[in-house]
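A.B. asks: Sequence and predicted structure are below.
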Amino acid sequence: MGKGVDTTVNCHSLAAAIKEAGYDFVCRYYNRNNPGKNVTRKEAEALSGAGLHLVAVWENGFPTSPGYFSYAAGKRDGCDAHRYARSIGQPANTPIYFTVDFDASQEELSGGVSRYMQGVIDAFREEAAAGT
């Protein structure tokens, strides 16, 4: 994909400058608990209009320990992320990344994190089937 920048700051007014600086994408966030971190529709349109790709990351709650990760949390986060993506006009069939913000062991990855991700997948399927 090329060279990118990751930021929690709305950069719609900087889109052209980011592109001119040689960047190909901007990584921005969707977040239920900290909406000030969220990419907005206006920002997404500005970034796309400048020829930049938008990388969307769902980072909600406290994905910093194994206790956060469960099937139910994945369903909730998946549903919210899918709905937020549609609300700002993220194109269908483009990725949303989900954070595991700690050094998970193989056991944690194959346990709670795996169940969480299955919840995300199931939520996406349900949201897409419902047309939301």
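C.D. replies: In hand now; what should we look at? Model, not experiment: these values are computed from the prediction.
A.B. asks: Which of the three states applies to the residue nearest the centre of the chain?
C.D. replies: Nearest residue to the geometric centre of the chain (C-alpha atoms, centre = their mean): V57, 2.2 Å. At V57, secondary structure determined by DSSP: H, G, I helix; E, B strand; the rest coil is strand.
A.B. asks: Settle this for me: it is touching P95, isn't it.
C.D. replies: No. V57 lies out of contact with P95 (C-beta atoms under 8 Å); the separation is 9.6 Å. C-beta: built from backbone N, CA, C; applies to glycine.
A.B. asks: Strands of the protein, residue ranges please.
C.D. replies: Secondary structure of the chain (DSSP state E): strands at 4-6, 25-30, 53-58, 96-98.
A.B. asks: Select, out of the ones you listed, the one closest to S70.
C.D. replies: strand 96-98 (13.3 Å; C-beta to C-beta).
A.B. asks: just checking, what packs against the closest one?
C.D. replies: strand 53-58, helix 71-87, helix 114-130 (3 or more C-beta pairs under 8 Å, 6 or more residues apart in numbering; DSSP states H and E).
A.B. asks: roughly how far apart are V120 and N34?
C.D. replies: 19 Å (C-beta to C-beta, to the nearest Å).
A.B. asks: Those two: who's more crowded?
C.D. replies: V120 (22 against 12; other C-beta atoms under 10 Å).
A.B. asks: Surely that one is in contact with R76?
C.D. replies: No. At 9.5 Å, V120 does not count as touching R76 under the criterion of C-beta under 8 Å.
A.B. asks: quick one: average pLDDT of stretch 119-132?
C.D. replies: Averaging pLDDT along stretch 119-132 yields 91.
A.B. asks: Understood, closing this out.
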